[in-house]
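Student: After the sequence you'll find the predicted model.
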Amino acid sequence: MLLLVIYRFKTCLFVLLVMAVSMGLLRALLCRPSLLQLRSPAVALSRGRTPVLCPGPSHFNTACSRHFATKKAKAKVKGQAVKVNISSALVEDIINLDEVKMDMNAVLDALKNDFTRNLSIRTSPGALDHIVVTTQDGKFPLNQLGQISMKSPQLIVVNMSSFPEATAAATRALRESSMNLNPEADGTIIKVPVPKVTREHRENLSKLAKQFSNKAKDSVRRVRTNAVTQVKKAKEGQSEDIIRLVEKQIQQMADSITVDIDKLLATKTKELLG
């Protein structure tokens, strides 16, 4: 009789154990991450983990938890502007985007020329070529009115014998330039002492570079404003979405040129200040 009771007890215990295992597997099937572990035990083992066939409550909650984006990640995605790239041919009846881009690039090219001509640390004969002389007959580059030569490392000479009447105007243009020059006229010969490169001179050139950059940004803004005004005038008969995308692309073009201006200024400032 005692053996029969023990046998039945073991049988019930076995049934309960089987039911517990079955419930554990059922919960594992309802949990996707655990299901992946069941299907790919080799992967789990390769990571140094033992596949869990009967997860407990703590493992079940962890495996089935959802991963939500953090506020920081959401803000980062939200802050990223979607770039627009519209073909010029598709909106040519609204505005010529190629011309707008050319006008903005022209501003950048003009800034590069200003930096090269007006912000040179070392004074040389070629550095005076760009200086514009205002005469009664109009405005002319200095190198078209006089012959510029290097008399010595400390002295540049401008021979105005071909246009002696423009000697005073050329002297004034040299003095009023941003190159810190102090020219002296001797008949038709203008003597230009080469200034020493002092720290103060470098800082003044750096400030001038900043002024040139700000003027260039103002020019880019004017190009952008004129382009947007032209787009708004063409609103009639056009989709509002298309108009909005065109305006956004114009803004993107202006922002891109502005970034190039800032990079150019940073490079020039580093060159000037050393």
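Tutor: Structure's in. What do you need?
Student: Can you check the pLDDT for Arg66?
Tutor: pLDDT, Arg66: 44.
Student: One more: the one 4 residues further on?
Tutor: Predicted confidence (pLDDT) for Thr70: 54.
Student: do the same with Leu29
Tutor: With respect to pLDDT, Leu29 scores 49.
Student: Residue numbering should commence at 13 henceforth.
Tutor: With 13 as the first residue, the last one maps to Leu41.
Student: List the residues that contact the residue nearest to Lys222 when sequence neighbours are not counted.
Tutor: Leaving aside its sequence neighbours, Lys222 sits nearest to Leu277 (Cβ to Cβ, 6 or more residues apart in numbering; 6.7 Å). All C-beta atoms are positioned from the backbone trio N, CA, C, and that covers glycine. If you count contacts by Cβ atoms under 8 Å, 6 or more residues apart in numbering, Leu277 has them with 221-222, 225.
Student: Name the nearest of these relative to Glu188.
Tutor: Distance ranking of these against Glu188, using Cβ to Cβ, places Ala221 first at 18.4 Å.
Student: Skipping adjacent residues, who's closest to that closest one in space?
Tutor: Spatially, and ignoring its direct neighbours in sequence, Ala221 is nearest to Lys280 (5.0 Å; Cβ to Cβ, 6+ apart).
Student: What strand or helix carries that neighbour?
Tutor: Using DSSP states H and E, Lys280 sits in helix 252-285.
Student: Enumerate the positions of that helix that are buried.
Tutor: For helix 252-285, a neighbour-count test (16 or more other Cβ atoms under 10 Å) marks 254-255, 257-259, 261-262, 265-266, 269-270, 272-273, 276-277, 280-281, 283-284 as buried.
Student: ok, and for stretch 194-206, which residues are buried?
Tutor: Buried-residue list, stretch 194-206, by 16+ other Cβ under 10 Å: 195, 197, 200, 202, 204, 206.
Student: residues touching the third one, list them.
Tutor: In this structure, Thr200 makes contact with 171-173, 176, 179, judged by Cβ under 8 Å, 6+ apart.
Student: For PyMOL, write the selection for the buried entries among these.
Tutor: The following PyMOL line selects those of these that are buried, judged by 16+ other Cβ under 10 Å:
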select buried, resi 172+179
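Student: so of the contacts of Thr200, which ones are in strands?
Tutor: With strands taken from DSSP state E, the overlap with the contacts of Thr200 comprises Asn171.
Student: Need the contacts of Thr200 in a markdown table (columns: distance to Thr210 and pLDDT).
Tutor: Compiled in a markdown table, those are given as follows (distance: Cβ to Cβ, whole Å; pLDDT from 0 to 100):
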| residue | distance to Thr210 | pLDDT |
| --- | --- | --- |
| Asn171 | 29 | 95 |
| Met172 | 29 | 95 |
| Ser173 | 33 | 94 |
| Pro176 | 34 | 94 |
| Thr179 | 29 | 95 |
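Student: show me where the stretch 63-212 of the chain has helices.
Tutor: Applying DSSP state H, counting those that start in this stretch to the stretch 63-212 of the chain gives helices spanning 69-75, 83-91, 109-130, 154-157, 179-188, 211-245.
Student: Now do the last one against helix 109-130, angle only.
Tutor: What that stands for is helix 211-245. If you take axes from the mean of the first three to the mean of the last three Cα atoms, to 10 degrees, helix 211-245 sits at 170 degrees to helix 109-130.
Student: Tabulate the helices of the stretch 63-212 of the chain (TSV), appending distance to Val145.
Tutor: Listed next are these as TSV, based on distance: least, Cβ to Cβ, whole Å:
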stretch	distance to Val145
helix 69-75	81
helix 83-91	51
helix 109-130	14
helix 154-157	6
helix 179-188	5
helix 211-245	20
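Student: Minimum distance to Leu140: which of those has it?
Tutor: Closest among those, once you apply Cβ to Cβ, is helix 154-157, at 5.7 Å.
Student: Give me the buried positions along that closest one.
Tutor: Within helix 154-157, the residues that count as buried by 16+ other Cβ under 10 Å are 154-155, 157.
Student: closest to Arg233 among those residues?
Tutor: Leu154 (32.1 Å).
Student: so what's that closest one closest to, chain neighbours aside?
Tutor: Nearest to Leu154 is Ile143, by Cβ to Cβ, 6+ apart, at 4.4 Å.
Student: Would you mind splitting this structure into its domains for me?
Tutor: Domain assignment for the chain, taken from the TED database, gives 100-130+211-285, 137-205.
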